[in-house]
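Trainee: Build the 3D model from these lines:
(one chain, ligands or ions: 2)
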Amino acid sequence: MVAMDNLQMTSQTAQFNLSAYLLEHQSLVEAALDRAISVVYPEKIYEAMRYSLLAGGKRLRPILCLATCQMAGGTLETAMPTACALEMIHTMSLIHDDLPAMDNDDYRRGKLTNHKVYGEDIAILAGDGLLAYAFEFVATNTFNVPAEQVLKVIAKLGRAVGAAGLVGGQVVDLESEGKTDVSLETLNFIHNHKTAALLEASVVCGGILAGMSEEDLQRLSGFSQNIGLAFQIIDDVLDITSTQEQLGKTAGKDLQAQKVTYPSLWGIEESLHQARQLIAAAIAQLEPFGDKATPLKAIAHYITSRTH
Ligand code: FPP
Ligand code: MG
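Mentor: Ligands and ions are numbered 1, 2, ... in the order given. Now for the predicted structure:
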């Protein structure tokens, strides 16, 4: 079954140039993010917000949102404000995650972390500013979509960020620090909330904006939860196998902190095997969408083959 899937993928994606697709969408997202925030008084906070927001990155969440909206017949313009909001939320979560009170990291996306440049006080406020603006941006910039659908997107984003999502996952992650007996169930909880929740929201919001049915949104939810977990497994593996230059952030941190991770529970080979299985299960959810799902399928494959 998995082998069949891979064979089908090869023929479907033979015509599809993922690198070109990612580059094109990345540059559209970069331009939209650049336009989204300008520097006005008090300049320092806008500069701090822009420093982290425009520091590069894969822009995976916005691209997932755009790709899903397009798959469902919607336009890039419709999904772009939500795509930008997703990156604002993701960026703010990383600014706060890097603070001395949390992971105390000096590098992110190949640059000094926000608090290293602007100080802790401004870094906290830059995160807060980005979080609030993300919601304002969706509400005021999404056009030609029924208000009810925009409201659903805002609710979905709020749930993905709050205690039922990122915040909850981060709390359990912090509580698990220094423990060597973290169970697989707890590890899954952490990553389903800290990582998969926002990836799921990225995909599902793209579908909501395009007016997809509940049934299709459920499929997308299954797809994205699976790729969310696979993404985290690969992240854990890369922390062991990659260099700081490749990652743009400190490598080997998990081992150093003796953190329980998927490779520490399963080993690298088994972790890669599990990630591939999750990707195959994710791709199976997209079958009803036919060839239109090719970009999403290719992105799912890219998640297991990426090196940073
Ligand atoms: C990186 O994890 C961190 C996250 C994916 C999100 C952390 C969430 C918060 C700090 C909550 C933020 C607050 C709101 C309101 C959303 P990692 O430390 O495992 O990975 P890293 O190596 O990239 O730092
Ligand atoms: Mg961290």
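Trainee: Low-confidence regions, this protein specifically.
Mentor: Applying pLDDT under 70 to the predicted model, the residue ranges of the chain that meet it are 1-14, 247, 251, 307-308.
Trainee: the strands in it, which residues?
Mentor: 107-108, 111-112 (DSSP state E).
Trainee: As CSV, those strands with distance to residue 66 and mean neighbour count would be great.
Mentor: (Glycine included, C-beta is placed from N, CA and C.) Converted to CSV, the strands of the chain look like this (distance: least, CB to CB, whole Å; neighbours: other CB atoms under 10 Å):
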stretch, distance to residue 66, mean neighbour count
strand 107-108, 24, 20
strand 111-112, 25, 16
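Trainee: what about residue 29, neighbour count?
Mentor: As a burial measure, residue 29 scores 23 neighbours (other CB atoms under 10 Å).
Trainee: With residue 45 instead?
Mentor: 17.
Trainee: Do me a favour and get the backbone dihedrals for the residue of the chain positioned farthest from its centre.
Mentor: Centroid-distance maximum for the chain: residue 41 at 30.7 Å, with CA atoms, centre = their mean. Main-chain torsions, residue 41, degrees, to the nearest 10: phi -70, psi 140.
Trainee: any idea how far residue 47 is from it?
Mentor: 11 Å (CB to CB, to the nearest Å).
Trainee: hmm, back to that, which one of the strands of the chain lies nearest to residue 227?
Mentor: strand 107-108 (22.5 Å; CB to CB).
Trainee: Parallel or antiparallel, list what pairs with the closest one.
Mentor: strand 111-112 (antiparallel) (DSSP bridges).
Trainee: so how many other residues sit close to the residue lying closest to residue 39 once chain neighbours are set aside?
Mentor: Once flanking residues are discounted, residue 39 sits nearest to residue 46: 4.4 Å by CB to CB, 6 or more residues apart in numbering. Residue 46 has 16 neighbours, counted by other CB under 10 Å.
Trainee: same thing with residue 256?
Mentor: 10.
Trainee: Residue 302 versus residue 53, what's the distance?
Mentor: 23 Å.
Trainee: Mind checking which of those two has more residues around it?
Mentor: Each of residue 53 and residue 302 has its neighbours counted (other CB under 10 Å); residue 53 has more, 23 against 17.
Trainee: Might you report the residue contacts of the residue nearest to the more buried one when sequence neighbours are not counted?
Mentor: Nearest residue to residue 53 in three dimensions, chain neighbours excluded: residue 91, at 5.0 Å (CB to CB, 6+ apart). By CB atoms under 8 Å, 6 or more residues apart in numbering, the contact set of residue 91 is 52, 53, 57, 130.
Trainee: So which of these is the closest to ligand 1?
Mentor: Set against ligand 1, the nearest of these by CB to the nearest ligand atom is residue 130 (9.7 Å).
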